[in-house]
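**Q** generate coordinates for the sequence data below:
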Amino acid sequence: MPKRILIGTVTSDKTDKTVTVKVERKVKHPLYGKIIRRSKKYHAHDEANEYTVGDTVRIEETRPISKTKTWRVLDRVVASKGVAIEADLDVAEAGN
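**A** Below is the predicted model:
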């Protein structure tokens, strides 16, 4: 049986070697027919603690790693907007 692969956004990276990934899907309401969003959170294994909040990642179903963790992060699809960059700026003193 093939392993399921989902794409979601990292919502928490506070635990060691674990990230929480929110996966959203769109479904049609059975009575009214409107397209609505349904979401679910998964705990995924992140061995190197390299993924941060806001990253869009792919997760793959795997054997149970802990009580709540049965997914592992494959790779990063899109990096978060909060990526720090180095800037070489000269700031003049305002005391003159």
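**Q** could you list the low-pLDDT ranges of this protein?
**A** When residues are selected by pLDDT under 70, those of the chain lie in 82-96.
**Q** burial measure for the residue nearest to residue 68 when sequence neighbours are not counted, as a count.
**A** Among residues not flanking residue 68 along the chain, residue 43 sits closest, at 4.9 Å (Cβ to Cβ, 6 or more residues apart in numbering). For the C-beta atoms, the positions are set from N, CA and C on the backbone; glycine is no exception. Applying other Cβ atoms under 10 Å, we find 19 residues neighbouring residue 43.
**Q** skipping its backbone neighbours, what lies nearest residue 75 in space?
**A** Using Cβ to Cβ, 6+ apart and skipping the chain neighbours, the partner closest in space to residue 75 is residue 58 (5.7 Å).
**Q** that neighbour against residue 6, yeah?
**A** Yes - counting by Cβ atoms under 8 Å, residue 6 is a contact partner of residue 58 at 7.2 Å.
**Q** between those two, point out the one with more neighbours.
**A** Just comparing residue 58 and residue 6: by other Cβ under 10 Å the higher neighbour count belongs to residue 6, 18 against 15.
**Q** state the distance from the more buried one to residue 16.
**A** Using Cβ to Cβ, to the nearest Å, one obtains 23 Å as the distance from residue 6 to residue 16.
**Q** sorry, back to before: my guess is the residue nearest to residue 68 contacts residue 72. True?
**A** No - using Cβ under 8 Å, residue 43 is not in contact with residue 72, being 10.1 Å away.
**Q** quick one: the strands in this protein?
**A** 5-12, 18-28, 35-45, 56-61, 69-78 (DSSP state E).
**Q** which residues touch the residue nearest to residue 40 when sequence neighbours are not counted?
**A** Leaving aside its sequence neighbours, residue 40 sits nearest to residue 23 (Cβ to Cβ, 6+ apart; 5.6 Å). Applying Cβ atoms under 8 Å, 6 or more residues apart in numbering, we find residue 23 in contact with 6, 7, 8, 39, 40, 41, 42, 59.
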